[in-house]
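Q: A structural model of the following input is requested.
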Amino acid sequence: MEPTEWRGGKDSMPTSVPPTDPRGGFTLMEVLTALAILAVISVTLARILQGALRIHELQTAEPARLREREALLARQFAGELEEPVLTLKEIPDE
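A: This is a model prediction of the structure:
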């Protein structure tokens, strides 16, 4: 086939572009689709990792806070503190 000819002859509209590179390659649409899939996977993984990090921070902060409160209450009950850490309030009847 000559470079100026198409499948339908010289005067018809081309139905497909003949390959210019015999090695092949990816089309723009294939590259954009792959990038879109990669972006979705990246965002999903980032959200999962952020959630896991937040849960880890909460789990490590809570026991430390409870230990601190426990130590203050122990000092209060032992009479080492002048001002109470914990005060009890009466709950009114409804």
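Q: and the helices in this protein?
A: Counting by DSSP state H, the chain has helices at residues 28-77.
Q: phi first, then psi, for L81.
A: Geometry field for L81 lists phi and psi as phi -110, psi 140, criterion degrees, to the nearest 10.
Q: measure it to R67 for me?
A: Separation of L81 from R67 (C-beta to C-beta, to the nearest Å) stands at 17 Å. (Glycine included, C-beta is placed from N, CA and C.)
Q: any stretches of this structure with poor pLDDT?
A: Residues of the chain meeting the criterion pLDDT under 70: 1-22.
Q: higher neighbour count, L81 and R67?
A: Neighbour count, other C-beta atoms under 10 Å: between L81 and R67, L81 has more, with 13 against 10.
Q: for L72, see how far away that one is.
A: 7 Å.
Q: same deal with E80?
A: Using C-beta to C-beta, we find E80 at a distance of 10 Å from L72.
Q: now R54
A: According to C-beta to C-beta, R54 and L72 sit 27 Å apart.
Q: tell me which of the two has more neighbours.
A: L72 (15 against 10).
Q: once you drop chain neighbours, what's closest to the more buried one?
A: Computed as C-beta to C-beta, 6 or more residues apart in numbering, the closest residue to L72 that is not its neighbour in sequence is V85, at 4.5 Å.
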